[in-house]
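# any chance you can model this:
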Amino acid sequence: MARYTGPKTKISRIFGEPILGNGKWLGKTSNPPGMHGEKRKRKTLGEYALQLREKQKAKYTYGVLEKQFRKTFEEAARRKGVTGENLIKLLEARLDNTVFRMGIAPSRPAARQLVSHKHIEVNGIVMNVPSCQLKPGDVITVKEGSKTRTSITSTVRPKNPKFTWVDWNETELKGTFITYPERESVPENIKEQLIVELYSK
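Numbers count the residues shown, from 1 in each chain. Now for the predicted structure:
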């Protein structure tokens with residue numbers, strides 16, 4: 001199953017944001033990776049570079065590789081509404097992201113692992129495809145045989161009131177994907193319009 005397995009801190013330093021991890025190594029003096037750091041970088045990025053950078057940020061944030069990201073964008077373009085907002089909605093509706101948003105896992109990579117190892121059920125059926133697209137009303141639960149595993153129960157968090165598009169009961173280890181989120185509710189710092197412009201060339 002394809003996924004990014006490279007150095008996480010390096011990616012965070014490229015964008016100057018903790019998009020892969022807690023960002024504890026990022027600070028005001030953090031430089032981009034490379035021997036010369038900021039000195040070898042152009043001070044102002046061109047239009048294409050900015051668009052490409054935003055696409056890469058979205059891919060790394062949600063743990064999606066190029067081919068799958070392109071398919072997600074094409075699906076977003078087919079749907080009614082604003083393409084950029086549709087793209088964010090589809091990325092948020094991925095099973096691994098929803099497991100992360102609910103608080104079952106501390107990070108998206110950890111959520112992806114839980115799904116891949118068959119610890120998560122969708123509507124009562126074990127689902128091991130992290131990219132599975134959820135629909136409003138889908139019920140997500142931790143598999144009965146996995147509810148007593150310390151590796152899962154020790155990382156479960158209570159519901160975050162910021163994420164109103166998901167419901168979660170940490171006692172029952174059961175939640176619901178209520179609806180697709182509105183763009184302003186998603187906290188990720190992604191300029192999706194730049195991605196739309198990139199793919200529209």
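# check contacts around Trp168.
Neighbouring residues of Trp168 by CB atoms under 8 Å, 6 or more residues apart in numbering: 102-104, 158-159, 174-175. Every C-beta, even on glycine, is put in place using the N, C-alpha and C of the backbone.
# please apply the same query to Pro130.
The neighbourhood of Pro130, defined by CB under 8 Å, 6+ apart, consists of 1, 63, 94-96, 111-112, 115-116.
# which among those end up buried?
Buried subset of those (neighbour count, 16 or more other CB atoms under 10 Å): 63, 94-96, 111-112, 115.
# state the mean pLDDT of the helix or strand harbouring Asn97.
If you go by DSSP states H and E, Asn97 is part of helix 95-102. Helix 95-102 shows a mean pLDDT of 96.
# after it, next one along is what?
Helix 95-102 is succeeded, C-terminally, by helix 108-116 (DSSP H and E).
# got the angle between that next one and helix 95-102?
Compare the direction of helix 108-116 with that of helix 95-102 by axes from the mean of the first three to the mean of the last three CA atoms, to 10 degrees and you get 120 degrees.
# hmm, who's touching helix 108-116?
1, 3, 20, 61-63, 95-97, 99-100, 104-105, 120, 127-130, 132, 152, 155.
# go with 7 Å
1, 3, 62-63, 95-97, 99-100, 104-105, 120, 127-128, 130 (CB atoms under 7 Å, 6 or more residues apart in numbering).
# against which helices or strands is the next helix or strand after that helix packed?
Using DSSP H and E, the helix or strand that follows helix 108-116 in sequence is strand 120-122. In terms of contacts (3 or more CB pairs under 7 Å, 6 or more residues apart in numbering; DSSP states H and E), strand 120-122 is packed against strand 138-142.
# switch to 8 Å and redo it
If contacts are counted by 3 or more CB pairs under 8 Å, 6 or more residues apart in numbering; DSSP states H and E, strand 120-122 sits against helix 95-102, strand 138-142.
# the last one - what's its average pLDDT?
Along strand 138-142, the predicted confidence averages to a pLDDT of 97.
# next: stretch 151-170.
Mean predicted confidence for stretch 151-170 is 92.
# what about that stretch, how long is it end to end?
15 Å (CA to CA, to the nearest Å).
# so who does the residue positioned nearest the centre of the chain touch?
Centrality entry for the chain: nearest residue to the mean C-alpha point is Tyr62, 2.8 Å, by CA atoms, centre = their mean. Contacts for Tyr62 were tallied using CB under 8 Å, 6+ apart; they are 91, 94, 97, 108.
# excluding chain neighbours, what is closest to the second one?
Using CB to CB, 6 or more residues apart in numbering and skipping residues adjacent in sequence, the residue nearest Arg94 is Ser131, 5.7 Å away.
# now do the last one
Spatially, and ignoring its direct neighbours in sequence, Arg108 is nearest to Phe100 (4.8 Å; CB to CB, 6+ apart).
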